[in-house]
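Asker: Here's my sequence, what's the structure:
(one chain, ligands or ions: 1)
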Amino acid sequence: MFDVIVVGARCGGAATALLLARAGHRVLMVDRASFPSDMRMSTHMIWPAGIARLARWGLLDALVASGCPALPESTFDVGPFALRGCAPAVDGIRDCYVPRRTVLDALLVDAAVAASAQLWEGVSVDGLLTDGDTVIGIRGRRGCR
Ligand SMILES: Cc1cc2nc3c(=O)[nH]c(=O)nc-3n(C[C@H](O)[C@H](O)[C@H](O)COP(=O)(O)OP(=O)(O)OC[C@H]3O[C@@H](n4cnc5c(N)ncnc54)[C@H](O)[C@@H]3O)c2cc1C
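Answerer: As a prediction, the model looks like this:
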């Protein structure tokens, strides 16, 4: 029995599950992928606002320990000219980081599981179970990607 079922357990879903689990809710995360997984197209440059959240959630040290370097400055080269600089600081954090999804998503999933969320990997959700107007569960299949 769960209070919340989060479908999709990457940076959006796992972060949501993490916060809900830490708030004391019984949370299930479901994803058709298995973690760590790189099966998502993304550069994944995380700006200071995102890094500040990771720091607040106690996860920035683990990101740094993964070997992902800080990016104190970046250049946007649009052809005729280039913009060079750094993003405005958030909570005193000015660096960006560009972790691989195998690192970032796994970090968030592991933190959510450590906060007592359950993770069902390799499960594809294809419908909702309802009782009248109330959603009471999900319908899915194992082993689908
Ligand atoms: C080329 C590219 C570059 C990008 N660069 C950046 C960047 O530099 N910085 C940045 O912040 N953002 C970037 N983005 C955007 C960023 O990747 C997305 O905003 C981010 O991945 C969204 O995260 P999410 O967890 O919400 O969803 P996703 O990462 O899309 O994850 C959704 C998860 O849900 C699962 N799922 C979906 N449906 C089901 C189902 N029915 N049953 C079970 N599981 C399901 C999928 O398997 C997947 O694991 C980029 C995106 C692209 C495409």
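
Asker: anything in the lowest-mean-pLDDT helix or strand in the chain near the ligand?
Answerer: When the helices and strands of the chain are compared on mean pLDDT, DSSP states H and E, strand 74-77 comes out lowest with a mean of 91. No. Interface with the ligand: strand 74-77 contributes nothing (CB under 6 Å from any ligand atom), its closest point being 10.6 Å away. Every residue, glycine included, has its C-beta placed from N, CA and C.

Asker: what's next to that strand, contact-wise?
Answerer: Contacts made with strand 74-77 from outside it, assessed by CB atoms under 8 Å, 6 or more residues apart in numbering, are listed as 45, 82-87, 96.

Asker: Each with direction, which strands does that strand pair with?
Answerer: Strand pairing for strand 74-77, determined by DSSP bridges: strand 82-85 (antiparallel).

Asker: What parts of this structure come near the ligand?
Answerer: Residues of the chain found near the ligand (CB under 6 Å from any ligand atom) are 7-8, 10-13, 30-33, 40-46, 124-125.

Asker: Can you tell me which of these end up in strands?
Answerer: Among those, the members falling in strands (DSSP state E) are 7, 30-31, 124-125.

Asker: now that we have the residues you listed, which one has the most neighbours?
Answerer: For these, counting by other CB atoms under 10 Å, the largest number of neighbours falls to D31: 24 neighbours.

Asker: Can you tell me the closest non-neighbouring residue to that residue?
Answerer: Here the nearest residue to D31 in space, its sequence neighbours aside, is A9; by CB to CB, 6 or more residues apart in numbering that works out to 4.0 Å.

Asker: My read is that the one you found contacts V109, right?
Answerer: Yes. Contact status for A9 versus V109: in contact at 5.5 Å, counting by CB atoms under 8 Å.

Asker: Need the residues touching each of the two.
Answerer: By the contact definition CB under 8 Å, 6+ apart, A9 and V109 are jointly contacted by 29, 35, 119.

Asker: Pull the contacting residues for the first one.
Answerer: Meaning M29. For M29, the set of contacting residues under the criterion of CB under 8 Å, 6+ apart consists of 5-6, 9, 13-14, 17, 109, 112, 117-120.

Asker: what's the most distant pair in those residues?
Answerer: I5 and V109 (15.0 Å; CB to CB).
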